[in-house]
Structures are given as C-alpha cells and as structure tokens.
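[1] Sequence and predicted structure, then a few things I'm wondering about:
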Amino acid sequence: MNTARLLWAYLRARPLTTLLTVLLVALGMATVVIVTLVTNQAEARLSRDAAGVDLVVGAKGSPLQLVLAGVYHLDVPPGNVPLAALAELRANRLVARAIPLSLGDSFRGFRIVGTEREYLELHGASLARGRAFEAPMQAVIGARVAADAGLDVGARFVGSHGLAPGGPEHGDDPYEVVGVLAPTGGVVDRLILTPLESVWLSHEGEPADEEERRILEADREITLALVRYASPIAAATLPRAINASERLQAASPAFESARLFRLVGVGVEGLRAFGVLLLALAALSVFVALFQALSDRRRELALMRLLGASPARLFALLLGEGLLLTAIGVVVGLAIGHGALEAAGRWLEARGEWTLTGADFDTIEWAYAAGALALGGIAALVPAWLAARTPLAAALSDG
C-alpha cells in the first residue's frame with residue numbers, strides 16, 4: 001500500500017476525529033477569509049463612491065452623518081442650508097467644483113436626489129436608455145431602482161416625503177422617468193436623480209401670485225454640496241473657513257471614512273482574532289488526534305518497521321497525516337468563506353443593499369493557508385518524532 005492510500009485509510013478509520021479537526025480548520029479559514037474580503041470590498045466601495053469629492057459642505061451637526069448622508073446615502077442629513085451658500089462656494093477661488101444635492105424625498109425606499117447633471121459625471125454614470133433630465137419633474141433612475149421598482153423610460157411615479165417608505169405622497173407633482181443608468185456598482189445605482197427645481201416645486205406648491213413666488217425662491221435651500229478643491233492649499237484653509245461660519249460645516253469623506261473604519265476596526269480585528277484562535281484550536285486537535293492514533297498504532301508501526309519501513313518513512317507518515325488533515329480543512333474553509341460571501345452578496349443585492357461578492361481573491365489568503373498548514377505541521381511534529389522512535393520489542397510485546 002502506498003503512502004497516500006495509507007494516509008487516507010488512517011483518516012477514514014477515525015471519521016469523527018477527522019471531521020472535528022477538518023471542521024475547526026475550515027471554520028477558522030472561512031472566518032479570516034470573510035473578514036478580509038468584506039473589509040477589502042467595503043473600503044473599495046467607500047473609496048469609489050467618494051472619488052472626486054474632497055469636501056462635503058452642509059448644515060452644522062455630525063460630520064460623519066453629513067458624509068454618510070451626502071456621499072454614501074446611508075444616513076439622514078443634519079439639515080438644510082441656504083441656496084446662497086452654493087453661490088458663495090462657487091465664487092471661492094479655492095473651489096474647483098461644487099455640486100448641490102437636495103434630499104428629503106424617496107420612492108419605495110429609494111432616495112430622490114435633486115442635483116445637477118454634473119453629478120452623473122462625478123460617478124462616471126452613463127445612460128443605458130433614454131436621456132438625461134433637462135426640466136423639472138424629470139428623473140433619471142439608477143439600475144437598481146429600475147430593476148426593483150419596475151420603472152423604465154416613460155414611466156411616471158409619485159415621491160413620498162421622508163427617506164423611508166410610508167411617508168405622505170406628493171401626489172400633485174409626479175415625476176417622469178426620462179433615462180435609466182447603466183449599472184455602475186456604486187451608490188448611484190440606487191438613486192433617483194432629478195433637477196434641484198423638482199424638489200423645490202414638490203414642496204413649495206403652486207404660488208398664489210408673483211410676489212409669493214419671489215418669496216419662495218428667496219427661501220430656497222439645498223441639503224449639501226459636494227466640493228472639489230481647486231488647489232492643494234485648499235485642504236488646509238477651506239475647511240477651517242467654512243467651519244468658522246455659523247450655519248455651515250465641512251466634512252472630509254476621506255477623514256470620516258477612515259474614522260469610521262477605526263470605530264469598527266476593533267470588531268473586525270476581533271473576528272479575525274477569533275478565526276486565528278480557531279486555527280490554533282485546530283492545530284491542537286491535530287496534535288491530540290495524532291498522539292492518540294500513535295498510541296493505538298504502536299504494534300502496526302512496529303510491524304511496518306519489521307517489513308522494511310524506515311524511521312524516516314514513519315515520521316513522514318504521521319507528519320503527512322497532520323498536513324493532510326489541515327490541507328483538507330483549508331480547502332473546505334476557502335470554499336465555505338467564498339461561497340458564504342457570495343450567497344450573502346446575492347441576498348443583499350436582492351434587498352437593494354450593498355453588493356458583496358465571493359469571487360474576489362486576496363493574496364493574503366495564501367498567507368493564511370500557509371500559516372494554517374504550518375500550524376498543522378508543527379502540531380504533528382511530536383507524534384511523528386515519537387512514531388519514528390517506536391521501539392520494536394516493546395511495541396510487539398504489547399497486548
């Protein structure tokens with residue numbers, strides 16, 4: 001019998017012990033793989049959605065809340081600011097670009113964003129069908145909105161007040177879909193984009209006369225503005241100048257995203273440490289399994305020595321058994337990690353949430369696999385060394 005078949009026979013002879021060891025290795029590998037891939041994809045998604053935005057300018061409040069609401073559309077904005085603030089930003093020589101956003105309405109949970117066509121360019125969005133909005137109450141919808149809400153070019157819908165489903169509807173001001181965006185994999189996929197005037201009109205109603213129209217226009221507001229610096233020096237001076245004002249605050253997406261990851265980093269590292277702990281327990285399981293097997297196989301190993309097996313082969317046999325156990329667990333763990341993440345990603349995609357994929361592969365996974373194999377090999381060293389030193393006479397006289 002060759003070594004490979006002998007190793008496989010040994011593993012099949014102890015199915016429960018083999019299953020437990022493989023399961024521990026697999027769970028440890030799956031944990032570190034999932035944590036690594038989710039962290040990588042979340043960071044990539046945040047970076048992609050914030051590309052081209054150096055500063056978010058909005059109402060006073062939490063800067064993290066302002067970034068989450070204005071860049072990632074994951075929170076409620078702290079408030080509105082006067083429309084005149086946009087003109088002041090654009091007049092500032094330190095500002096290369098300022099894109100306004102007006103938030104507050106939604107349709108079936110998808111946010112209606114009043115903005116300008118430059119917002120499409122910011123996210124690198126292209127039209128799959130139709131055209132860009134040109135007039136109030138026209139809307140361009142993201143790919144996820146079109147798929148989940150069943151809307152297409154020419155469809156009409158009514159927005160509801162608030163960013164959650166169930167708010168009062170603006171029934172007198174329906175939107176018309178004039179364009180559908182191609183999928184981008186970013187935040188724009190789940191947004192409904194319309195001119196700023198649409199948001200104002202749906203909340204102001206029809207003015208009674210020209211004087212009331214002028215009053216309404218003078219009181220118009222936006223929620224925030226996405227700013228791009230005109231020069232590197234702006235990063236040092238512009239946020240400080242804006243934060244010195246009474247109503248405005250400036251928040252950096254890069255800084256707030258890094259702060260957010262620091263806040264959740266303890267939990268992420270805790271999960272990663274848990275995975276490593278499982279791998280260490282798996283190594284201990286390998287040691288216990290092989291040590292117990294060594295005790296049960298003393299006569300068998302002695303007979304192999306009599307039949308010509310060298311101490312080196314007995315050493316390799318026990319070491320190979322430990323490495324094989326660990327290798328099977330590593331392969332199963334990689335499959336579980338990537339498969340579970342792919343399943344979770346499809347579930348989240350069906351709910352219109354962030355997309356995740358198990359198809360990605362990080363090179364650090366090779367390091368985790370090598371580390372697991374090293375732990376399994378180290379755990380097998382002592383039993384393998386004892387197997388190589390099996391005394392023939394004592395072993396054959398047992399029993």
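    Structure's in. What do you need?
[2] Would you mind listing the outside residues contacting stretch 196-205?
    Stretch 196-205 is contacted by residues 100, 102, 104-105, 112, 114-116, 136-139, 159, 170, 172-173, 175, 216, 220, 222 when judged by Cβ atoms under 8 Å, 6 or more residues apart in numbering. Any C-beta I mention is one placed from the backbone N, CA and C, and that applies to glycine too.
[3] Now do that stretch: distance to the chain's middle.
    Centre-to-centre, stretch 196-205 and its host chain are 35 Å apart (Cα atoms, centre = their mean, to the nearest Å).
[4] same check, this time on stretch 42-52
    10 Å.
[5] Buried ones in it, by neighbour count?
    Neighbour counts over stretch 42-52 (16 or more other Cβ atoms under 10 Å) mark 42, 45-46, 49-50 as buried.
[6] Which one of these is nearest to residue 317?
    residue 42 (44.9 Å; Cβ to Cβ).
[7] Quick check: the gap between that closest one and residue 128.
    Here the distance between residue 42 and residue 128 works out to 26 Å (Cβ to Cβ, to the nearest Å).
[8] in the strand of greatest length in the chain, what counts as buried?
    Counting by DSSP state E, the longest strand found in the chain is strand 95-107. Residues 95, 97-107 are the ones in strand 95-107 that count as buried (16+ other Cβ under 10 Å).
[9] Send me that strand as CSV with only the CA atoms.
    The C-alpha atoms that make up strand 95-107 are tabulated as CSV, following Å, rounded to 0.1, in the frame of the first residue of the first chain:
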residue,chain,number,x,y,z
VAL,A,95,-13.2,75.6,-5.1
ALA,A,96,-13.0,73.9,-8.4
ARG,A,97,-16.4,72.4,-8.4
ALA,A,98,-19.5,72.4,-6.1
ILE,A,99,-22.3,70.0,-6.9
PRO,A,100,-25.5,70.7,-4.9
LEU,A,101,-27.7,67.9,-3.5
SER,A,102,-31.3,68.3,-2.1
LEU,A,103,-32.5,65.3,-0.1
GLY,A,104,-35.7,64.5,1.8
ASP,A,105,-38.0,62.5,-0.5
SER,A,106,-38.0,58.9,-1.7
PHE,A,107,-39.8,56.4,-3.7
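[10] partner strands of that strand, parallel or antiparallel?
    Paired neighbours of strand 95-107 in the sheet (DSSP bridges): strand 110-115 (antiparallel), strand 160-161 (antiparallel), strand 224-229 (antiparallel).
[11] For residue 56, the count of nearby residues, please.
    25 (other Cβ atoms under 10 Å).
[12] Break the chain into its domains for me.
    Listed by automatic domain parsing, the domain ranges of the chain are 3-46+264-397, 55-251.
[13] just how off-centre is the helix or strand harbouring residue 69 within its chain?
    Using DSSP states H and E, residue 69 sits within helix 63-70. Taking Cα atoms, centre = their mean, the mean C-alpha location of helix 63-70 is offset from the chain mean by 18 Å.
[14] Give me the angle between that helix and strand 224-229.
    Helix 63-70 and strand 224-229 meet at an angle of 100 degrees, taking axes from the mean of the first three to the mean of the last three Cα atoms, to 10 degrees as the criterion.
[15] Helix 63-70 - contacts with which helices or strands?
    Packing contacts for helix 63-70, counted by 3 or more Cβ pairs under 8 Å, 6 or more residues apart in numbering; DSSP states H and E, involve strand 55-59, strand 95-107, strand 224-229, strand 248-251, helix 253-296.
[16] Tell me the first helix or strand C-terminal of that helix.
    Next element after helix 63-70 (DSSP H and E): strand 81-82.
[17] Against which helices or strands is that next one packed?
    Applying 3+ Cβ pairs under 8 Å, 6+ apart, we find strand 81-82 packed against strand 55-59, strand 221-222.
[18] can you state the direction angle for the first one and strand 95-107?
    Orientation note: strand 55-59 sits at an angle of 60 degrees relative to strand 95-107 (the same axes, to 10 degrees).
[19] what does strand 55-59 rub up against?
    Strand 55-59 has contacts (Cβ under 8 Å, 6+ apart) with 66-67, 69-71, 77-81, 85, 89, 98, 223-229, 238-239, 242, 247-253.
[20] sec struct for residue 203, please.
    In three-state terms, and counting by DSSP: H, G, I helix; E, B strand; the rest coil, residue 203 is helix.
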